[in-house]
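Visitor: mind looking at a prediction? Sequence and model below.
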Amino acid sequence: MSFNIDTIRADFPILQREVNGKPLVYLDNAATSQKPQIVIDAIVDYYSNYNANIHRGVHALSQEATDKYEEARQKIQHHFNVGKAHEIIFTSGTTHGINLVAHGFSSLLNANDEVIVSALEHHSNIVPWQMLCEKTGAVLKVIPMTQEGALDMAAYNTLLSSKTKLVFVNQISNALGTINPIQDIIEAAHKVDAAVLIDGAQACAHIKSDLQALDVDFYVTSAHKMCGPTGVGVLYGKEKWLNKLPPYQGGGEMIAEVTFEKTTYADLPHKFEAGTPNICGGIAFGTAIDYLNKIGFHAIATYEHELLTYATAQLLQIEGLTIYGTSSDKTSVISFNLKGIHPYDVGTILDKLGIAVRTGHHCAQPIMNFYNIPGTVRASFAFYNTKEEVDLLVSGVRRAQQMLT
Ligand SMILES: *Cc1c(COP(=O)(O)O)cnc(C)c1O
């Protein structure tokens, strides 16, 4: 399919609306993406036609819902080139997936074992590991970042040792857009027999990842960042790791047999899927993945890179504007500040003009501390944004600067 921005925009009903009397310019895609009609239809279809609980029912609706849910698991499996469907665990999202793995490792780590995080992480890939370290006495090491907002790979290599048990890094930074060299990170960690978890939340809308080729041990993401609904995501884990980890939550669906003397756990993936899941969300996640693949990740990346290059050049013409995150390998996220002006004030004026950006620390306070700033204005572009919208952003930022100085 060729990339036609007009037909793509027509797929997203929300892009037709106005905000504050102006056409919506939605540039907060790093926080969540918008949803195409086909995903909205999948949700309506589920609740209108075959809503039922899965896996247990003998009746037709339950069978239909189970089939669709398991079909979605397989779509996700194939999208990420995962070997076995039961290595895909449905979660409520990235945060849930990371907590599940961190909880599991609390029974595998000892005091003085080391785990490695990066300076570029979202809080959800920092806090669960700090909790793990408090519980186990393991030591948290941090890969430092450079002024450009990239990881210091030389420093990473010196942190690795036989004490390292686990490394967790994001594929793309949500605050700066930096694409991290995860292939190198994984290979180096495996040389010292450490496992690696990659937080793919920010990457999945931009890059199609082959998890077998990457040889990653765990990979987490959220559907809502890639045109799917909120409240659903997946954890991929290599079978050998998922078998090693204890269950995260106890309840229905995750057991083989329950007596008051002893309970045995179900096989993968059910061992990690206690309770009634987000059935409709899982199914619609599959629809979202089909939709993105139909457009094609190569076309998406090429187009978004054009937007990034254009927007960067236009914004840099504004005097007193600084962009944070200038790595040569980055995706369509631009974090910036205007000299002497608080990011929140810029965001408020842009909102009056119908332009949605995010302001603040973007759940990545260590990055803001590194640059010694309270936060940034972040414009993040998706494949349904346009150059005209970039122009509106740039004129909006100029207007904000005039009003605030
Ligand atoms: C959005 C995001 C998260 C958190 O995802 P949730 O869906 O809120 O659980 C974690 N890491 C990165 C890099 C993100 O962009």
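Guide: All right, it came through fine. Numbering: from 1, shown residues only.

Visitor: what about the spatially most central residue of the chain, distance to Ile186?
Guide: Residue closest to the mean C-alpha point of the chain, counted by Cα atoms, centre = their mean, is Ala201 at 1.0 Å. Applying Cβ to Cβ, to the nearest Å, the value for Ala201 to Ile186 is 17 Å. Where C-beta positions appear, they are placed from N, C-alpha and C, glycine not excepted.

Visitor: isn't the residue nearest to the centre of the chain up against His122?
Guide: Yes. Counting by Cβ atoms under 8 Å, Ala201 touches His122, with 7.1 Å between them.

Visitor: which residues are in contact with Val179?
Guide: Val isn't right for residue 179; it's Ile. 171-172, 203, 207, 327, 329-331 (Cβ atoms under 8 Å, 6 or more residues apart in numbering).

Visitor: name the nearest residue to it, sequence neighbours excluded.
Guide: Asp329 (4.4 Å; Cβ to Cβ, 6 or more residues apart in numbering).

Visitor: one more: Gly360?
Guide: Closest residue in space to Gly360, ignoring its immediate chain neighbours: Gly375 at 4.3 Å, by Cβ to Cβ, 6+ apart.

Visitor: tally of neighbours for the one you found?
Guide: Neighbour count of Gly375, defined by other Cβ atoms under 10 Å: 22.

Visitor: what does it show for phi and psi?
Guide: Backbone torsions of Gly375, given as degrees, to the nearest 10, read phi 170, psi -170.

Visitor: and what of Ser380?
Guide: phi -120, psi 130.

Visitor: and it, what does it touch?
Guide: With contacts taken as Cβ under 8 Å, 6+ apart, Ser380 has the following neighbours: 27-31, 177, 332-334, 358.

Visitor: quick one: buried ones out of these?
Guide: Neighbour counting with 16 or more other Cβ atoms under 10 Å marks 27-30, 177, 332-334, 358 as buried within the contacts of Ser380.

Visitor: wait, Gln212 touches Glu87, no?
Guide: No. Look at Gln212 against Glu87 with Cβ under 8 Å: they stay out of range, at 9.9 Å.

Visitor: of the two, which one has the most company?
Guide: Glu87 (25 against 14).

Visitor: distance of that one from Leu235?
Guide: 9 Å.

Visitor: what's the answer for Gln317, then?
Guide: In this view, Gln317 and Leu235 are 43 Å apart by Cβ to Cβ.

Visitor: hmm, back to that, joint contacts of Ala201 and His122?
Guide: Taking Cβ under 8 Å, 6+ apart as the criterion, Ala201 and His122 both touch 170, 174.
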